[in-house]
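Visitor: build me a model from this:
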Amino acid sequence: MGQAALKSVQEDQSLDITAALDIVSKCAAEGRENREIPNDAIEAIRKTGYFRSFLPKQYGGLERPPQEFFKASVDIAERDMGTAWASGIIAVHAYQLSLMDPKAAKEVYATGPDTLISSSYNPAGAKVETAEGGFMLSGQWGWSSGSGHCDWVLLGGLIFDQGPENIHYRTFLVKKPDYDIEDTWHAMGLQATGSNDIIIKEPVFVPEYRTHHQMDGFNCKHYQDNEMYSIPWAQMFIRVVCTPAIGAAKHALQLFIDNAQGSSTDVTRLASDPDVTRRVAEAANLIDETEVIMYRNFDEMMAAVNSGREIPMKDRVKYRYQASLVIDRMMQAVDMLFDVAGGRSVYRNSPIQDIWHDIHIARAHVANNPISFARNLGAVHLGADSTDVFV
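Guide: All right, here's what the predicted structure looks like:
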């Protein structure tokens, strides 16, 4: 954890997810089989306060610094990447609600601080019409991770009917039973995320206060006293869909080491194999470098907002690009190990194969494709303005 995070931890409300980790491990196989995180794992994580990490204290939250939250996410992912992926996405929504009109958070958390929210931000299947005091929303959205455990959902949509100069993206907050969940999640990896479809057949009314304008997120608009909420919304969300790979790669490395040490009567045989030792060293270093960059970036962001400064746009674009590299780097680390993991790694019950599938499936998320983010960063370095508003 970065130094800024260590200094900011409040002794009376620090986040400790240790008590949940063994339960996450025990539930991992069941989660893959049933394509959803088991309730026991969700409840164990809930009891630690993890889902309240970014929730403002006025609603019963912890207001934990991002470094502490993402350290917990890595720890969960060392036990099961799918659990960390879905749990992190659910948990980060408390941050987005903190940026919206306070009436939205008051409504969601009226029944308690552990109310859970899922999301699907892809607007492709959405139909939005402006109405008096809000919007009428219908459509179908894919990949809503953890939705089976949630009572609310955040859905992306484009506004077209306010004139050609005012076409824009918003997120819409919808409560059950105004939406249905369709069981569509039959995937090669991250099975436990339960990333099913959200369907609204008949248009439902979403009041203005339950929407979040994309440019408000870009401009770091919020309603909280804690300056942590001045960190751009994008910087928080993009990290929940890549950081679990760091924990998963750590897990793969430990599995490889344990297997190598127990695979022969001569436990030092692989230790003298120059190809194997090189792979282990390079994988370990990739993991370490990637994790350190994440904490450094959040240290810098927290230092800026806590001193009342805006985070420079060049840095925001850099942080966005570096987050997009996490999956590629962790794929590289795991691939190096999987290539020499031995014959038993090919069987479907192989733990290291599960991790291999999880990380490769995570690469399919649009936020984890670094190409456009690299181009944007390079252009900004050369004097152009950023073309990405989700930074």
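
Visitor: quick one: the helices in the chain?
Guide: In the chain, helices defined by DSSP state H lie at 3-8, 18-34, 39-48, 66-79, 81-99, 102-108, 214-218, 233-240, 244-262, 274-306, 313-324, 326-338, 351-362, 371-381, listed in chain order.

Visitor: wait, which of these is closest to Ile117?
Guide: Of all the helices of the chain, helix 81-99 sits nearest to Ile117, with 4.1 Å by C-beta to C-beta. C-beta coordinates here come from the backbone N, C-alpha and C atoms, glycine included.

Visitor: what angle do the closest one and helix 39-48 make?
Guide: Relative orientation of helix 81-99 versus helix 39-48 (axes from the mean of the first three to the mean of the last three C-alpha atoms, to 10 degrees): 40 degrees.

Visitor: buried set for helix 81-99?
Guide: 81-99 (16 or more other C-beta atoms under 10 Å).

Visitor: for stretch 60-73, same thing?
Guide: Counting neighbours by 16+ other C-beta under 10 Å, stretch 60-73 gives 61-73 as buried.

Visitor: how long is it end to end?
Guide: Using C-alpha to C-alpha, to the nearest Å, the end-to-end distance of stretch 60-73 comes to 21 Å.

Visitor: and Glu310, how many neighbours does it have?
Guide: When neighbours are counted by other C-beta atoms under 10 Å, Glu310 registers 13.

Visitor: find me the pLDDT at it, would you?
Guide: On the pLDDT scale, Glu310 is placed at 97.

Visitor: quick check: the residue lying closest to it once chain neighbours are set aside vs Ile45, distance?
Guide: In this structure, Glu310 finds its nearest non-sequential neighbour in Ala304, 7.0 Å apart by C-beta to C-beta, 6 or more residues apart in numbering. Separation of Ala304 from Ile45 (C-beta to C-beta, to the nearest Å): 30 Å.

Visitor: so between those two, which is more surrounded?
Guide: Set Ala304 next to Ile45 and count neighbours by other C-beta under 10 Å: Ile45 wins out with 25 against 17.

Visitor: what residues are up against the more buried one?
Guide: By C-beta atoms under 8 Å, 6 or more residues apart in numbering, the contact list for Ile45 reads Ile17, Ala20, Val24, Phe51, Ile76, Thr83, Ser87.

Visitor: hang on, the earlier thing: which one of the buried residues of stretch 60-73 sits closest to Pro177?
Guide: Nearest to Pro177 out of those is Gly61 (C-beta to C-beta; 25.9 Å).

Visitor: quick one, what contacts the residue nearest in space to the middle of the chain?
Guide: Nearest to the mean C-alpha position of the chain, by C-alpha atoms, centre = their mean, lies Val240 at 1.5 Å. Neighbouring residues of Val240 by C-beta under 8 Å, 6+ apart: Ser73, Trp85, Gly88, Ile89, Ala91, Val92.

Visitor: can you report how many residues neighbour the nearest residue to Thr277 once chain neighbours are set aside?
Guide: Once flanking residues are discounted, Thr277 sits nearest to Ala271: 6.6 Å by C-beta to C-beta, 6+ apart. When neighbours are defined as other C-beta under 10 Å, Ala271 has 12 of them.

Visitor: for the one 4 residues further on, same thing?
Guide: Number of residues near Asp275 (other C-beta under 10 Å) recorded here: 11.

Visitor: before we move on, what about the one 5 residues further on?
Guide: Val280 is surrounded by 21 other residues when neighbours are defined as other C-beta under 10 Å.

Visitor: over to Asn259?
Guide: Neighbours around Asn259, by other C-beta under 10 Å: 18.

Visitor: likewise Met136?
Guide: A total of 15 residues lie near Met136 under the criterion other C-beta under 10 Å.

Visitor: now do the closest residue to it other than its chain neighbours against Thr130, distance only.
Guide: Residue nearest to Met136 in three dimensions, not counting chain neighbours: Pro203, with 4.1 Å by C-beta to C-beta, 6+ apart. For Pro203, the distance to Thr130 (C-beta to C-beta) stands at 12 Å.
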